[in-house]
Structure formats: C-alpha cells, structure tokens
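**Student:** Please work out how this folds:
(chains A and B)
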Amino acid sequence: MQARAGFEKLAPTTSAGGAQMFETIVLAVDGSVQSNRAADLAGVLAKHSGGRILAVHVKELMAGRAAGPVHVDEDEIVAAIRARVQHLNDDGINAELQVTSTMMGGPAHVIAAAAAREAADVIVTGTRGHTALAGVVLGSVAQRLLHLAPCPVLVVPGGIASGERGAEPTGAAVAG
Amino acid sequence: MSVIVIATDGSRIAREAEAFGLDLARARGEKALLVSVWAPLRGSFGVPLPEFLDPEFIDLEQEWAGKTLKAAATRADAAQVETETLVAKGRPVDEICRVARERSASMIVIGSEGWGPIMSLVLGSTTLGVLQGAPCPVVVVRETDRTEEE
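**Tutor:** Okay, the predicted model is just below:
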C-alpha cells in the first residue's frame, strides 16, 4: 500500500477516524421520566462532541369523533419538554425542539424520518414512555424505532438500580 | 476510568457496532471492553450436548471467540483507543449484562442482530435480551445498508 504524501489528508476518514462523531443527535422526548434520563445522556454526548441536539416530540392524536390528543395532559407534557430543552440550552448545548403530531404510523416513524432528514448520527430514546405496561421492558415506540432507525439507537433504561430488570411499572395494570 | 462494553460475535453488524463503540470510547475518553461470548453447543430443543462428545467443536467455538477479539483489538489499537478483551462462556445475554454490571460499564454497544440463528423479526434475541437486562444504556447499531427499507 503506497500512500502518496499529501493525499492522506484527502482520504475519507474511516468510521473509526472521525473526531466529530455526534454532529447531530436526535432525541426522542415525551416528557416521561425515562425520556428525561435520555435527555441528560444526550446532553453529555453533545458536550463531548460539540454536536447539536434535535429533540423531537410527537403528539399522538386520535381521529374521528373523539378527535384530540391521546394524552389528556398534552399541554403540560409539552411545557415540561420545553423546559427540559431550555435546560440543555442553559447548559451551553445547541438544542432545539420540534413538536409534531401524527395520527398515522405512530411516533417511531416520525422520529426515524427526522433522523433520516437530518442525517443524524444517533437517536437517543428511553425504553418506554407514558403508556408503560407491566412486564413490558421495551416499549413499542422504542422497539419500532430500533427497526426503523437509519442510524444507531441509544436506549436509556429507566431506574438503574443494581441488578433489577427494568423499573417497576407505574400505574400499569398487572397482567396475569 | 469507566468502560464501554462492546459486544462482538464477529458478524458484519458486530463490526459496525464495534466501530461505533470505539468512536464513542474515544469521544468520551473511556476504555473499550471488547467482549465475545461462546456457548457450549446445544442439541435439539436446547438439550445440552455433553461437552466430552465433541471437544473439537467446543475448541472451534472458543477459538473463534478468541480470534474475533484479537482482530477487534488490533483495530482498536489502530484507532488509538485503550482496550481490554474478554472471552466469556455461557449465554450471551447473561454474560454481556453480567460483565457490564460487574465493571459498572457506562454503556453497552451491540449490533441489532447476529449472535446465532434464532432471531426475532425485528431484533436479534440476544440484543433484545440485553436491552431488557442491561444495567446501563445500550446502543443498538443496525446494518447500514438496510436503512432505506420499510
């Protein structure tokens, strides 16, 4: 292998050579405790790499006669998310929030599409959001995201106490 | 110094996960702990084959895990990331989570599939298991040339 002097600099950096590994971090937020943890970690990553964060919140809407948001406290949720993103900004991190709504496809599609559009380097998400079911460790949105994502997905678990398998489900029905 | 556990089985996706993990380790100034797990062969319906039956296969499995790690460590050196390698024996899910817990890993990096023939539709069973049992955040790296489908 003969590398001519002066050409090495032009050679495309390998995946192991890029100093700026997280130029764009897409953060899936829904205002849940888990997504707050994900936001914290995204913040740390952005700081390490000088990248920016695009926080994406997807309002789930119902169609038909009962049209409206799925979560009754949607306004509160959005306010909490705004505060969270502001908190990142206060921390000197370039973060912006994108709030969209969907009736079809679900949040995972919207988040994956945002990541593709922004050529994101990583998507950061909690394991599950507000609608946690007992015994389900990986929520449906996280799971779909793992399938749809155009880039690596960083999944942040909830309670990280020693040895436990997922946090206790809050307010969830106990199945069987 | 905290560590990032990079789980590898030598598959193509694992290579991508490894590259991502090494980048991550360097960006965060952490050490990479490359882990490969081999399991004793199992017969039909999960009945364990007595190990003495086929020591050659067992040697091969173990050897493969060692080779995989050695190659990964060479690449890590080239990427100038401090690394450590570990070959573990047992069920990959259990071993990966155990190592992460014991070493208080900051993160686990793993490919979306690989790790043997039993796969769920979306994620490899090992990856899914690790997501469920992990004591820390997990990065799931997908195969890049599959991104446009769906």
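**Student:** Next, the buried residues of stretch B:59-77.
**Tutor:** Under the neighbour-count criterion of 16 or more other C-beta atoms under 10 Å in any protein chain shown, stretch B:59-77 has B:61, B:65, B:68-69, B:72-73, B:75-76 buried. Every C-beta, even on glycine, is put in place using the N, C-alpha and C of the backbone.
**Student:** what does stretch B:5-12 give?
**Tutor:** Buried residues in stretch B:5-12, counted by 16+ other C-beta under 10 Å: B:5-11.
**Student:** And it, end to end?
**Tutor:** Counting by C-alpha to C-alpha, to the nearest Å, you get 18 Å between the two ends of stretch B:5-12.
**Student:** ok, residues contacting it?
**Tutor:** Contact with stretch B:5-12 is made by B:14-15, B:17-18, B:21-22, B:25, B:32-37, B:64, B:67-69, B:71-72, B:92, B:96, B:99-100, B:103, B:105, B:107-111, B:113-116, B:130, B:143, as judged by C-beta atoms under 8 Å, 6 or more residues apart in numbering or on different chains.
**Student:** And for stretch B:71-87?
**Tutor:** With C-beta under 8 Å, 6+ apart as the criterion, stretch B:71-87 contacts A:16-17, B:1, B:3, B:6, B:8, B:10, B:18-19, B:22-23, B:25-26, B:31-38, B:62, B:65-66, B:69-70, B:99.
**Student:** Can you tell me which of those residues are buried?
**Tutor:** A:16-17, B:3, B:6, B:8, B:10, B:18-19, B:22-23, B:25-26, B:31-38, B:65, B:69, B:99.
**Student:** What about those, which are in strands?
**Tutor:** B:3, B:6, B:31-38 (DSSP state E).
**Student:** Report the two of these separated the most.
**Tutor:** Using C-beta to C-beta, these reach their maximum pairwise distance at B:Lys31 and B:Trp38, which is 22.9 Å.
**Student:** Can you pull the residues of chain B lying near chain A?
**Tutor:** Taking C-beta under 8 Å from any C-beta of the partner chain as the contact definition, chain B meets chain A at B:16-17, B:19-20, B:22-24, B:26-28, B:75, B:78-79, B:101, B:107, B:112, B:122-123, B:128, B:131-142, B:147-148, B:150.
**Student:** Which among the residues you listed count as buried?
**Tutor:** By 16+ other C-beta under 10 Å, those give B:16-17, B:19-20, B:22-24, B:26-28, B:75, B:79, B:101, B:107, B:112, B:123, B:128, B:131-142 as buried.
**Student:** Now do the SS call for A:Leu145.
**Tutor:** helix (DSSP: H, G, I helix; E, B strand; the rest coil).
**Student:** if I pick the nearest residue to it once chain neighbours are set aside, what's in contact with it?
**Tutor:** Distances taken as C-beta to C-beta, 6 or more residues apart in numbering or on different chains place A:Ala108 nearest to A:Leu145, at 4.5 Å, with adjacent residues excluded. By C-beta under 8 Å, 6+ apart, the contact list for A:Ala108 reads A:140-142, A:144-145, A:147-148.
**Student:** State whether A:Ala108 is indeed within a strand.
**Tutor:** No: counting by three-state DSSP, A:Ala108 falls outside a strand, being helix.
**Student:** tell me the pLDDT at it?
**Tutor:** With respect to pLDDT, A:Ala108 scores 91.
**Student:** just the one 4 residues further on next, same as before
**Tutor:** As summarised for this prediction, A:Ala112 has a pLDDT of 94.
**Student:** can you check B:Gly124 too?
**Tutor:** B:Gly124 carries a pLDDT value of 76.
**Student:** now A:His130
**Tutor:** 64.
**Student:** same question, the one 10 residues further on
**Tutor:** pLDDT, the model's per-residue confidence, is 79 for A:Ser140.
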